[in-house]
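In: just need the structure, nothing else, for what follows:
(chains A and B)
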Amino acid sequence: MRRWAGQWRSLGLMISCVLFGCAGGARAQDASSWKDIETKYIFGFTTGSGIGLEGEKEFTIDTIGRFGKRDGHYAATETKYEFEFTPSQFIQIEFGALGATHNIGGVTDLDDRSQFALSGAFAEFRYLALERTSSNPLAVTLAVEPTVRRIDETSGERVRNFELETIINADLELMRNRLFAGFNLLYEPEGTRTAMGDTLREAKFGGSAALSLRIASNIVVGGEVWYLRHYDSIGLSAFSGDAVMLGPTLYIAFTPKMFMTAAWNTQVWGREVGNPVSLNLAEFQRNRARLKFAWEF
Amino acid sequence: MSAANMTMRKLTLAAICVISTLAVSPSQAQQATELHVTYSKGQFQPSELRAPADKPVTFRVKNLDAKAMEFESKSLRVEKVVAANSEGVINVRALKPGRYEFYDDFNEKARGALTVQ
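Out: Sure thing, here's the model as predicted:
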């Protein structure tokens, strides 16, 4: 786990150097001359309301890494190889394949393993319910994302898993072209059939708040906080634990058609029902990181 | 197939149906306001446009330059490449009052705005 976390931290340091280098040359820029920004990717794990431009297509590689359990070493990643397009001025559609890696050793209740696998597929449908205008700073998008997996996200075991993420993405332009607040409300039920034939039902419910400052026309920095609850049922009736995750976010547009977003979240508070320990490392992880590259065409 | 997976699939189908219903735009049947814009020497002419609120807008962008331009606007949520010496037609939904900026994505200096009242 430490080796993986170290690599992500090195990457973070490198990105920070690039960021401050770019920011130095951009301090004198006037935000009123900047083009409008697409808000979907500027809040880290929190997703903004943007749905792209009608006719726009994009290819994205989006990796989320999860690091750290109660004991042993734990590092798991899931990468989306994603194609997205915007067929109308209100709808965005995304779909793609999933790849997963698991590097687990000495973690209680998880088998040791080191593997890479094509783990599943997903699609996402996004509808812009409320659009931002020069007189209305708030925009809201509703999204659903069905996902099927053949590899369990946490343990790396062979399973049949079906998940339906439903989410409300909202954002608010606090200062024209400069400062944005983002909010997500998430409900994510899933069902899993294990290799032993057991059926498990669970759900995540929670929300996030993020603040992002555009420090140059192509660079946005910020921070976000997530509160997530876990249930051992899809109907939110069997609460099993919750957690608060907090961390910085970064967005850089390298060219008008190519950009990246990065985020790091650390669990700062958590609890497990029936286990009087600090943090919830049974259902969540100590740290998570996101690195996404996108090319529009 | 397990009961949980069946339930999840039904939920997915229901969610997609709701989004598809919401996606039908009521503005499509209205007559659009046509706006004619010329792109020449790397500039929009006129660069300030006006249109009435709650009516669809059609931009007719005539590119008189010898190279392609891309008419783009984040707030209008449209983009279209217009080849050299040709015309592009861009249809936009019925708009709420406000100011909507547009630009040539290939040329940082070419800017314009539509004011909807």
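
In: in chain B, what helix or strand scores lowest on average pLDDT?
Out: Lowest mean confidence among the helices and strands of chain B (mean pLDDT, DSSP states H and E): helix B:3-22, at a mean of 58.

In: tell me the strands beside the next helix or strand after that one, with direction?
Out: Next helix or strand after helix B:3-22 toward the C-terminus (DSSP states H and E): strand B:33-40. Paired neighbours of strand B:33-40 in the sheet (DSSP bridges): strand B:43-45 (antiparallel), strand B:57-63 (parallel).

In: in space, not sequence, find me the middle residue of the chain.
Out: You didn't pick a chain, so chain A it is. A:Phe45 (3.3 Å; CA atoms, centre = their mean).

In: um, chain B though
Out: With distances taken as CA atoms, centre = their mean, B:Val78 lies nearest the centre of chain B, 3.1 Å away.

In: please tell me how far that one sits from chain A.
Out: Remark: distance between B:Val78 and chain A (CB to the nearest CB, to the nearest Å) = 5 Å. Yep, even glycine has a C-beta here, placed from its N, CA and C like the rest.

In: residue of chain A nearest chain B, please.
Out: In chain A, the residue that lies nearest chain B is A:Gly191 (2.8 Å; CB to the nearest CB).

In: ok, how many other residues are close to that residue?
Out: 23 (other CB atoms under 10 Å in any protein chain shown).

In: pretty sure it sits in a strand.
Out: Yes - assessed by DSSP: H, G, I helix; E, B strand; the rest coil, A:Gly191 belongs to a strand.

In: I'd say it and A:Asp232 touch.
Out: No - counting by CB atoms under 8 Å, A:Gly191 sits too far from A:Asp232 to count as a contact (11.9 Å).

In: and for those two, which residues touch both?
Out: Shared contacts of A:Gly191 and A:Asp232, defined by CB atoms under 8 Å, 6 or more residues apart in numbering or on different chains, comprise A:200-201.

In: in chain B, which strand is the longest?
Out: strand B:107-116 (DSSP state E).

In: list the buried ones in it?
Out: For strand B:107-116, a neighbour-count test (16 or more other CB atoms under 10 Å in any protein chain shown) marks B:110, B:112-114, B:116 as buried.

In: got the angle for it vs strand B:33-40?
Out: Per axes from the mean of the first three to the mean of the last three CA atoms, to 10 degrees, the angle that strand B:107-116 makes with strand B:33-40 is 160 degrees.

In: who's the residue of chain A closest to chain B bridged to?
Out: A:Phe162, A:Arg201.

In: all set now, cheers.
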